[in-house]
Each structure stands twice: as C-alpha cells, then as structure tokens.
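fold the following and give me the result.
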Amino acid sequence: MSKSYDLVVFGNIVLPEGVLYDSAIGIKDGRIETIGRIGENGLPAAKVIRAEGSFVLPGAVDAHVHCYSSVDEGFHTASKSAAAGGVTTIIEMPYDATGMICTLEAFEQKRVLLEQQSIVDMAMLVTIHKQDGYEHIRELAQAGACGFKVSMFNTDSFRFPRIDDGQLLDSFAVIAETGCPVGVHAENDEIVHRYIDKYKSEGNNPRAHGWSRPKVSESVAALTAMELAYETGVKLHLYHCTYPRIFQLADYFRSLGAKITAETCTHYLTLSEDDLPRLKAKGKINPPLRTEQDKDGLWDLARKGAIDMITSDHAPWLTDRKSDADIFKNASGAPGVEHLLPIIYSEGVAKGKLALTDLVRMLCQRPAEVFGLGHRKGRLSEGYDADIAIIDPSVSWIMDERELHSSAGWSAYNGMSMQGKVSHTIVRGKLVYEAGAIVGKAGHGKFVRAEHSV
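This next block holds a predicted model:
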C-alpha cells in the first residue's frame with residue numbers, strides 16, 4: 001500500500017543547488033517527507049496544490065522585523081503581512097514600545113504572546129542592559145533566543161539605547177561563550193548627533209536626513225564592532241548595511257579569522273537618496289538611503305555572494321509619525337515584511353540581477369543558519385519544516401499600499417511595477433495564505449527555539 005501525504009505541492013522546486021522542474025513535495029505531519037519527480041499516478045494526498053509553471057521556494061526567513069515598535073502592529077498583524085509576502089519565519093527584534101526584551105521574564109511573556117497571536121513561526125532576538133546584566137545573557141541563550149541585538153546609536157534611551165564600547169567589549173565576551181550571534185546597529189553616536197545639530201535648520205529638506213548620517217558614521221561604528229568581535233571571538237552580525245564598503249570591510253575581518261556576517265535591506269537595493277524629495281518622511285530610515293551608485297554596487301555584491309542576507313527591517317509606523325514637514329521630527333523606518341520576497345524576486349530575479357538560488361540563499365538559507373534555525377528552517381529538504389512560498393512568475397501587478405496588511409497603511413513602494421506574485425504560503429504544512437487571502441489563524445505560529453554551537 002502506497003503512503004498517503006497530508007499535502008502534495010506540484011511545481012518547479014527551488015533547491016539550494018538548483019531548480020527541480022515539474023516535480024513534487026510530499027508533506028506529512030508538518031514536515032517534508034519527499035521531494036522529486038513523480039510518475040503518472042502522482043502522490044496520494046488529502047490535499048493537492050497544483051502550481052505547475054510556478055516556483056516553489058522555501059518560505060522566506062525575515063531576520064529583521066519590529067513587530068512591537070508600534071503597539072498598533074503586534075504579532076497578529078505583522079504575521080498576516082508576512083504570510084501575504086511568503087515569509088514563513090520572522091526573527092523578531094527586542095525593542096518594543098513597552099521596553100527592551102533583556103530579561104528572562106520579559107522574554108517568556110513575549111513568547112507566550114507570539115504563540116497566541118502569530119500566524120507564521122517566529123524566533124526571538126534579545127538585547128542587553130546598558131550596564132552589566134551578564135547573568136541575563138546566559139539565561140536568555142539557554143531559553144532559546146536566536147541572538148542578541150545592540151545599538152551603537154542612542155535612538156531612544158528607554159526603548160533603544162546606545163551601548164557604550166566598554167560594555168560591548170565585556171558583553172561580547174560573555175555572548176561568545178553561548179554560541180549566539182550578536183548583531184549591531186552600527187552608527188557612530190557622536191558623529192550622528194553632531195551632524196543632526198549641524199543640519200537641523202534644514203529639516204524642511206528631506207535630504208537633510210541623509211546628510212546628518214554620513215557614510216563614515218556607519219563605517220566607523222562597523223569597524224569598532226568588528227574589532228571587538230575579532231578580540232572576543234563572538235559571532236558578529238552587521239544589520240542594515242547601506243553601501244558596499246561595509247561588506248568589503250567585513251570580508252577583510254573574515255580573512256583575519258573573525259566571525260562576521262552582514263545584511264542589507266530591500267530599501268537599500270531599490271531606493272536611493274534621490275527618492276527622498278518624493279517620499280519625504282516615508283523614506284526616512286536609519287541608516288539612510290544612499291546613492292544610486294551604492295544601490296547598484298549592492299546588487300553586484302549580492303550576485304557575487306558577498307552579502308549574507310537581505311531583510312526588511314519592518315518598522316510599521318502609522319502615518320501620523322511620518323507626516324511632519326521637518327524630516328527630523330519623524331520616526332525612522334518603514335513597513336516591509338510583506339515586500340521582502342516579492343520585491344527581491346521582481347527587482348532581482350525577474351530583471352536578471354540574481355539567480356533564484358541567490359534569492360534562496362539570502363532570503364531563506366543564510367538567515368536560518370546564522371540565527372540558529374538551520375536545523376529546520378530555510379531550505380526545502382526532507383525532514384525540514386514544510387515552510388513554502390509559491391511564486392507565479394507570469395503575473396505582472398502594481399504594488400498598492402491599500403491592499404497591504406500592516407497597520408501602517410502605507411508603503412514606500414506604492415505604485416511600483418512588479419513581476420511575479422506570491423500565490424500560496426505554507427507554514428509547517430498548513431496553508432496560511434492562498435489566492436490573495438489570509439487563511440491562517442492566530443495561534444498557528446510557533447516560537448522556534450534556536451540551536452547554536454560555540
């Protein structure tokens with residue numbers, strides 16, 4: 001008697017090494033049991049998705065999402081956005097409107113909340129106290145945190161504070177003992193605050209935001225973090241890198257034996273400082289949008305394998321936080337988790353800038369590996385969670401912010417012409433998005449415990 005599956009998906013299966021055309025995935029009990037070409041009789045299944053002509057990808061792992069920077073968003077709304085965009089696992093940031101996640105008690109409270117509210121799976125980052133708190137580092141690592149996040153710039157003394165270099169040195173040494181990575185928001189506090197003062201009188205010009213955060217403010221901070229990582233042996237991740245030099249510096253430190261990974265974001269690949277007069281505060285992001293030349297350079301590095309991952313840095317501020325005529329009086333960040341996979345497919349793969357395997361490496365495989373989820377997430381492989389995003393490459397469409405699921409209600413990409421559309425999203429064998437509709441329920445999403453080796 002032949003085996004019966006819970007779900008079988010037909011289509012062009014995108015594996016790490018290439019595309020397996022006209023093939024099928026058999027899913028049982030939330031995991032992938034078989035992948036391959038099939039005979040005329042197919043595979044017996046309770047449910048079948050026929051996606052011939054479409055690409056069947058591993059669900060994206062968005063390694064940079066702020067679900068609770070705005071209390072209007074939360075896990076349920078952010079996870080609906082993720083599901084609609086083919087993101088099956090969110091790596092959640094620890095900087096909430098209610099405070100930092102830097103104790104075991106706060107971590108556990110948030111974990112319970114996510115398992116009540118989320119549609120997609122989530123891993124959780126944590127952060128550290130401004131002073132000491134080393135016992136919390138060890139407890140949080142043991143509780144399954146996927147990594148630590150720290151800022152070298154004081155965004156908000158309560159919610160998103162600067163950690164000084166001395167505390168970074170001591171904390172990196174303790175984090176290294178746990179095997180967890182530590183990621184940094186790399187902007188030099190002194191340079192940025194000095195330059196904000198320098199340009200604050202020009203706040204009615206949106207470009208002043210970029211002038212207040214010059215490239216050197218990013219590279220100086222990144223260099224400090226990498227030198228500390230080299231000294232302590234910690235696994236360091238550089239968040240939201242905006243221009244090629246940061247990746248070149250990371251490559252140099254890796255050549256010395258340092259454990260460095262680095263990401264860029266959707267907006268740095270698709271927008272530039274030239275878009276700021278049009279976008280105004282909706283294009284205000286930290287670090288800022290750079291030049292067209294920088295944007296082109298990032299695509300080149302991505303194609304060459306020099307960028308570990310692409311993330312959204314989803315920060316879903318309501319429009320009232322993005323409407324002041326003075327650029328400096330607006331919140332920084334933009335909604336993006338629903339855009340990540342569609343835009344990188346449309347702007348990268350469909351335009352010939354990336355191979356499908358490049359997309360899978362940077363949006364699925366490497367984020368899972370770096371943050372301790374690679375034992376079950378990030379690839380289509382037997383025994384892995386059946387997390388799948390299906391893209392129909394033939395569909396042309398226009399990005400319409402009114403159709404997005406974030407509480408923000410706006411998009412920096414509104415009106416953008418798109419090629420290729422997500423048709424289905426599957427989390428652990430269950431459909432959560434199909435044919436333009438959210439079908440997943442709150443509570444389906446689970447906390448993913450990270451597994452790290454020292």
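
going by C-alpha atoms from here, please, whenever you check contacts or count neighbours.
Noted.

what about the strands in the stretch 251-400 of the chain?
Remark: strands assigned in the stretch 251-400 of the chain by DSSP state E, counting those that start in this stretch are 259-265, 309-311, 388-398.

now those strands as TSV including mean neighbour count, mean pLDDT and distance to residue 382?
Shown next, in TSV, are those (neighbours: other Cα atoms under 10 Å; pLDDT from 0 to 100; distance: least, Cα to Cα, whole Å):
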stretch	mean neighbour count	mean pLDDT	distance to residue 382
strand 259-265	23	98	27
strand 309-311	30	98	23
strand 388-398	18	98	13
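
closest to residue 331 out of the ones you listed?
When these are ranked by distance to residue 331, counting by Cα to Cα, first place goes to strand 259-265 at 17.9 Å.

coming back round to it: need the strands of the stretch 251-400 of the chain in TSV (columns: distance to residue 359).
Compiled in TSV, those are given as follows (distance: least, Cα to Cα, whole Å):
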stretch	distance to residue 359
strand 259-265	13
strand 309-311	9
strand 388-398	12
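
what's the closest of those to residue 225?
Relative to residue 225, the nearest member of these by Cα to Cα is strand 259-265, separated by 9.9 Å.

ok, and what's touching the closest one?
226, 229-230, 233-242, 247, 250-251, 253-254, 307-313, 370 (Cα atoms under 8 Å, 6 or more residues apart in numbering).

ditto for stretch 445-454
Among residues not part of stretch 445-454, those counted as contacts by Cα under 8 Å, 6+ apart are 111, 114-115, 117-124, 143-146, 176-180, 371-373, 375, 427.

which helix is the longest one in the chain?
helix 215-232 (DSSP state H).

now that one: buried residues?
Within helix 215-232, the residues that count as buried by 16 or more other Cα atoms under 10 Å are 215, 217-219, 221-226, 228-230, 232.

repeat that for stretch 403-410.
Applying 16+ other Cα under 10 Å to stretch 403-410 flags 404, 405, 406, 407, 408, 410 as buried.

out of the strands of the stretch 251-400 of the chain, which is closest to residue 278?
Taking Cα to Cα, strand 388-398 is the member of these nearest to residue 278, at 18.2 Å.

could you list every helix and strand in contact with the next helix or strand along the chain from the closest one?
Per DSSP states H and E, the first helix or strand lying C-terminal to strand 388-398 is strand 417-427. Helices and strands touching strand 417-427, by 3 or more Cα pairs under 8 Å, 6 or more residues apart in numbering; DSSP states H and E, are helix 74-84, strand 87-92, helix 340-344, strand 388-398, strand 430-434.

ranges for the helices of the stretch 51-200 of the chain?
Using DSSP state H, counting those that start in this stretch, the helices of the stretch 51-200 of the chain run over 74-84, 104-117, 134-142, 165-178, 189-199.

what does the stretch 251-400 of the chain give?
Under the criterion DSSP H, counting those that start in this stretch, the stretch 251-400 of the chain carries helices at the ranges 266-270, 276-279, 292-304, 340-344, 356-360, 366-370.

deepest-packed of those helices, please.
Each of the helices of the stretch 251-400 of the chain was scored by mean neighbour count; the highest is helix 340-344, a mean of 25, by mean count of other Cα atoms under 10 Å.

for that helix, name the packing helices and strands.
Using 3+ Cα pairs under 8 Å, 6+ apart: helix 340-344 touches helix 266-270, strand 417-427.

and the longest one, how far from the chain's centre?
The one in question is strand 417-427. Its chain's C-alpha centre lies 17 Å from the corresponding centre of strand 417-427 when counted by Cα atoms, centre = their mean, to the nearest Å.

so what touches that strand?
By Cα under 8 Å, 6+ apart, strand 417-427 touches 30, 59, 83-88, 120-121, 342-343, 345-347, 350, 385-399, 431-436, 445.

try 7 Å
83, 85-86, 88, 120, 342, 346, 350, 386-399, 431-436 (Cα atoms under 7 Å, 6 or more residues apart in numbering).

what's the closest of the helices of the stretch 51-200 of the chain to residue 94?
Among these, helix 104-117 comes nearest to residue 94, with 8.9 Å by Cα to Cα.

what is the closest one packed up against?
helix 74-84, helix 134-142 (3 or more Cα pairs under 7 Å, 6 or more residues apart in numbering; DSSP states H and E).

any chance of TSV for those helices, columns mean neighbour count, distance to residue 275 and mean pLDDT?
Below are the helices and strands packed on helix 104-117 laid out as TSV (neighbours: other Cα atoms under 10 Å; distance: least, Cα to Cα, whole Å; pLDDT from 0 to 100):
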stretch	mean neighbour count	distance to residue 275	mean pLDDT
helix 74-84	27	24	97
helix 134-142	18	41	91
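
contacts only, for the nearest residue to residue 263 once chain neighbours are set aside.
Excluding the flanking residues, the one nearest residue 263 by Cα to Cα, 6 or more residues apart in numbering is residue 309, at 4.8 Å. Taking Cα under 7 Å, 6+ apart, we find residue 309 in contact with 262, 263, 264, 362, 363, 366, 367.

now the residues you listed in JSON lines, with distance to residue 299?
Output for these, formatted as JSON lines (distance: Cα to Cα, whole Å):
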{"residue": "262", "distance to residue 299": "14"}
{"residue": "263", "distance to residue 299": "12"}
{"residue": "264", "distance to residue 299": "10"}
{"residue": "362", "distance to residue 299": "12"}
{"residue": "363", "distance to residue 299": "14"}
{"residue": "366", "distance to residue 299": "17"}
{"residue": "367", "distance to residue 299": "18"}
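
and the contacts of the lengthiest strand in the chain?
Longest strand in the chain by number of residues, with DSSP state E as the criterion: strand 45-58. The contact list for strand 45-58, computed with Cα under 7 Å, 6+ apart, reads 4-14, 22, 364, 378-380, 387-393.
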